[in-house]
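Undergrad: build me a model:
(chains A, B and C)
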Amino acid sequence: MGTCARRKTLIRNPSVKEIYEILFCVFGPQHWWPAQTPFEVMVGAILVQNTNWANTERAIENLRAKKLLSPKKLKTVSVKALARAIKPAGYFNIKTKRLKNFIRFFFNSYNGNLEKMKAQDGEVLRRQLLEVNGIGEETADSILLYALDKPFFVVDAYTKRIFSRHGFLKEKPEYGYVQKFFMQQLPKDIKVYNEYHALVVRLAKDFCRTKPLCGQCPLRIFL
DNA sequence: GACCAGGCACATC
DNA sequence: GATGTGCATGGT
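TA: I've put the predicted structure just below:
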């Protein structure tokens, strides 16, 4: 890790877009969202709330093994059986309700049909998703971007923490403020939004975890 | 045993 | 609008 091979000069005060280029140069493509289908992305977006991805994956694998990983099956499965399957993801009672709420919305509004959902306007979809109890801004934007190919930048705790600490954002910024901050400075491109968020998560996992490695963080080299 | 992890809703002031 | 709390598992 450390320096970026393709860059010959260091960037002292990189812009938001240049930070993206640095992170991409250092880490390469992250291939997000880690899922086999768009529906799996939507389920994963709810299951991963305030939980690590390894536990989320266990829950998803349980759903897959029990043949529950489809709209129809999640619609008909009992609350008890669903809770049991997603237990490793934590908060399984509340997440069972949230999954059921989402599935109800998915059938009521789009007949459980992904293509119909994708055909809907992004802004309209976002408002609809936020009306579902259990889907907040980050979950909604994750679904929009990673499952439905809609251009919404995903903000998470890492994004706020890292960009606040580096002086780009105030302390404890609101979600909408951060999202606007990024979207105003980046091309409206789902591939860029996709990769940027994934790279921020990668950076945080590698360098900002329990023992911060700020001295070795690739951003520190450039900032 | 404490602390953390890719949030969210709800209560209270 | 800001702040506090419950929700729960598995890894470090």
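
Undergrad: tell me which helix or strand the spatially most central residue of chain A sits in.
TA: Ranked by distance to the mean C-alpha position of chain A (Cα atoms, centre = their mean), the top residue is A:Ser142 at 4.4 Å. Secondary structure assigned from DSSP states H and E places A:Ser142 in helix A:137-142.

Undergrad: also A:Ile11?
TA: Per DSSP H and E, there is no helix or strand for A:Ile11.

Undergrad: which of the helices or strands spans A:Lys73?
TA: Counting by DSSP H and E, the element that carries A:Lys73 is helix A:71-76.

Undergrad: got it, and A:His197?
TA: A:His197 belongs to helix A:190-207 when assigned by DSSP H and E.

Undergrad: OK, contacts around the closest residue to DNA strand B within chain A?
TA: Taking Cβ to the nearest atom of the strand as the measure, chain A has A:Gly136 as its residue closest to DNA strand B, at 2.3 Å. C-betas here are computed from N, CA, C, even on glycine. Residues counted as contacts of A:Gly136 (Cβ atoms under 8 Å, 6 or more residues apart in numbering) are A:Leu130.

Undergrad: indicate whether the helix holding A:Ser142 makes contact with DNA strand C.
TA: No. Using Cβ under 7 Å from any atom of the strand, helix A:137-142 stays clear of DNA strand C, with a minimum separation of 13.4 Å.

Undergrad: and the following helix or strand past that helix, how far out from the chain's middle?
TA: Remark: after helix A:137-142, the chain's next helix or strand is helix A:157-165, criterion DSSP H and E. Put simply, helix A:157-165 sits 15 Å off its chain's centre (Cα atoms, centre = their mean, to the nearest Å).

Undergrad: pLDDT of the following helix or strand past helix A:157-165, averaged?
TA: Per DSSP H and E, the first helix or strand lying C-terminal to helix A:157-165 is helix A:175-185. Average pLDDT, helix A:175-185: 97.

Undergrad: what's helix A:175-185 in contact with?
TA: For helix A:175-185, the surrounding residues in contact (Cβ under 8 Å, 6+ apart) are A:15-17, A:137-138, A:141, A:152-153, A:155, A:159-160, A:163, A:168-169, A:173, A:196.

Undergrad: quick one on the thing from earlier: now do the helix holding A:His197: which elements does it pack against?
TA: Counting contacts by 3 or more Cβ pairs under 8 Å, 6 or more residues apart in numbering; DSSP states H and E, helix A:190-207 packs against helix A:16-27, helix A:157-165, helix A:218-222.

Undergrad: quick one: the next helix-or-strand element following the first one near DNA strand C?
TA: Scanning forward in sequence from helix A:16-27, with DSSP H and E defining helices and strands, the next element found is helix A:38-47. No. For helix A:38-47, no contact with DNA strand C is found by Cβ under 7 Å from any atom of the strand; the gap never falls below 11.0 Å.

Undergrad: likewise for stretch A:77-91?
TA: Yes. Against DNA strand C, stretch A:77-91 shows contacts by Cβ under 7 Å from any atom of the strand at A:Lys87, A:Pro88, A:Gly90, A:Tyr91.

Undergrad: I'd say the second one and A:Leu63 touch.
TA: No. Under the criterion of Cβ atoms under 8 Å, A:Pro88 is not in contact with A:Leu63, lying 10.7 Å apart.

Undergrad: so where's chain A shaky on pLDDT?
TA: Along chain A, segments meeting pLDDT under 70 span A:1-9, A:210-211.

Undergrad: perfect, I'm done here.
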